[in-house]
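>>> Predicted model and sequence follow; I will ask about them next.
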Amino acid sequence: MEQRRLFKGKRTRTPGGEIIVRLTGVRKRFDSDTLALDGVNLEIRAGEFFSLLGPSGCGKTTLLRILAGFETPDAGRVEIAGRDMDGVPPYRRPVNLVFQNYALFPHMNIFENIAFGLRMKRLPEDEVRARVGWALELVDILGLERRRPHELSGGQRQRAALARALVNEPEVLLLDEPLGALDYKLRKQLQVELMNLQEELGVTFVYVTHDQEEALVMSDRMAVMREGRIEQLGLPEALYERPQSRFVAQFLGTSNLIPARARAEHEVETPLGPLRVLQKLAVGQDYTLSIRPEKVRLSRRGPNGGNRVTARVDDIIYTGAENQYLLDAAGFELVAFTLNSDIQEPGYEEFDYDEHVVVHLPEENLVVIHE
Ligand code: ATP
């Protein structure tokens, strides 16, 4: 299917709307040893594309189901659009949920699937037709409305599921891994379309995924969850560039984590030798330094000192766009990614197995983690 809208580039907008979703101290225990949510506090603004990311079992789906009203929290408060949701059933909440497995009614055609919620509200037939037409066009499946779900492709089915949710004009759309069942290319295309759709409609999206790249690309803000708690919340670039825990540094992308002890305000002792950092440290305190592999600089020659160490190339993985180098720096393992750019470019270097290289860990790229 042809892509309907062009990617508008990186989203720079920070929605400044009112708080539309507010969770305060939300806890949910399923049985004696499963604490699915452990005191979650969260505020989401109107018009935001907000993603929840985290490993399997960390509580993402439970949080969405609590917002949708399919689960009841044991403690805490859930407010949506300024109203306390305690005791409000799912169909009276200003939200709709889109699942990974589409959940379309198999015996109804696409038109009837999309019209279902409107018919429940007993809207006049003219309005039902007009709204379903609008939704079909919005998600680009006009012409497929007489088919049954099994007569559509996976991508078309997910478009139909989206149309069925959006036609009800929810204030908040909850999406539980909606692209999880689709192949890579289709997922990429639908990511862009979903972002554009969200921006066009201004509906708040709460989006659950375990695909970190998807969350980084699509979200205005995102939260990384761990064992029923929010580990870190913020702009995608803040979480990637300034992880506050080893967990976030490792969960989002790849990180080199280097144990360190401060021996001066801006200097640490590490297994790689002394390194300088920009942040001010407490002398004698233990920290972890994190540096992304693409921020490690490699060269054949160079001066020593100034956060430069020598290492041996142990392995090289060619991934197409990048060369990934596994390095041994005096027994400490480091990973460095270099862009597989034009060999004619000044400064472009490739390295061989067993070669000794100079590894530069620029101080501005070293993130100090307090654990
Ligand atoms: P995934 O990415 O695998 O979907 P998730 O982050 O969405 O995981 P949840 O589905 O919210 O995780 O589950 C959180 C925890 O609660 C898990 O340990 C899970 O086994 C448990 N859990 C979820 N639903 C139930 C239930 N209905 N009964 C018992 N335990 C449950």
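Nice, I can see it.
>>> Now do the contacts for residue 177.
By CB atoms under 8 Å, 6 or more residues apart in numbering, the contact set of residue 177 is 99-100, 208-210. Where C-beta positions appear, they are placed from N, C-alpha and C, glycine not excepted.
>>> Top of the residues you listed by number of neighbours, please.
residue 209 (24 neighbours; other CB atoms under 10 Å).
>>> That one against residue 51, yeah?
Yes - Residue 209 lies in contact with residue 51 (CB atoms under 8 Å); the separation is 6.1 Å.
>>> Name the residues contacting each of these two.
What both residue 209 and residue 51 touch, as defined by CB under 8 Å, 6+ apart, is the set residue 215.
>>> if we can go back for a sec, of the contacts of residue 177, just say which sits nearest to the ligand.
Set against the ligand, the nearest of the contacts of residue 177 by CB to the nearest ligand atom is residue 210 (5.0 Å).
>>> For that closest one, what are phi and psi?
Per-residue torsions, residue 210: phi -110, psi 10 (degrees, to the nearest 10).
>>> and what of the one 3 residues further on?
Note on residue 213: backbone dihedrals following degrees, to the nearest 10 are phi -70, psi -40.
>>> just to revisit the earlier point, and the contacts of residue 177 as TSV, adding secondary structure and pLDDT?
Listed next are the contacts of residue 177 as TSV, based on DSSP: H, G, I helix; E, B strand; the rest coil; pLDDT from 0 to 100:
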residue	secondary structure	pLDDT
99	coil	84
100	coil	80
208	strand	96
209	strand	92
210	coil	85
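>>> Out of the residues you listed, which is nearest to residue 366?
Within the contacts of residue 177, proximity to residue 366 (CB to CB) peaks at residue 210, which comes in at 28.1 Å.
>>> give the contact list for that closest one.
The contact partners of residue 210, by CB under 8 Å, 6+ apart, come to 53-56, 60, 177.
>>> Residue 338 is in what secondary structure piece?
strand 332-339 (DSSP states H and E).
>>> ok, whichever helix or strand comes after that strand: who's next to it in the sheet?
Once the chain leaves strand 332-339, the next helix or strand it forms, by DSSP H and E, is strand 356-360. Take DSSP bridges as the rule and strand 356-360 pairs in its sheet with strand 297-299 (antiparallel), strand 308-318 (antiparallel).
>>> Strand 356-360: what's the following helix or strand?
Immediately after strand 356-360, counting by DSSP H and E, sits strand 367-369.
>>> So what's the model's average confidence on that following strand?
Computed over strand 367-369, the mean pLDDT rounds to 97.
>>> cool, and stretch 296-313?
Stretch 296-313 shows a mean pLDDT of 88.
>>> picking up where we left off before, JSON lines for the strands paired with strand 356-360, including distance to residue 220 and mean neighbour count?
Output for the strands paired with strand 356-360, formatted as JSON lines (distance: least, CB to CB, whole Å; neighbours: other CB atoms under 10 Å):
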{"stretch": "strand 297-299", "distance to residue 220": "32", "mean neighbour count": "17"}
{"stretch": "strand 308-318", "distance to residue 220": "33", "mean neighbour count": "15"}
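>>> To the ligand, which of those lies closest?
strand 308-318 (27.3 Å).
>>> and the closest one with strand 332-339, angle?
60 degrees (axes from the mean of the first three to the mean of the last three CA atoms, to 10 degrees).
>>> can you give me how far strand 308-318 is from the chain middle?
On the basis of CA atoms, centre = their mean, to the nearest Å, strand 308-318 sits 30 Å off its chain's mean C-alpha point.
>>> so how far is the helix or strand that that strand is followed by from its chain's centroid?
Counting by DSSP H and E, the next helix or strand C-terminal to strand 308-318 is strand 322-329. Strand 322-329 has its C-alpha centroid displaced from the chain centroid by 26 Å (CA atoms, centre = their mean).
>>> now do stretch 224-238
9 Å.
>>> Tell me which residues of it come out buried.
224-226, 228-233, 236 (16 or more other CB atoms under 10 Å).
>>> now do stretch 282-290
Neighbour-count burial for stretch 282-290 [16+ other CB under 10 Å]: 287-290.
>>> Tell me what residue 315 is bridged to.
residue 326.
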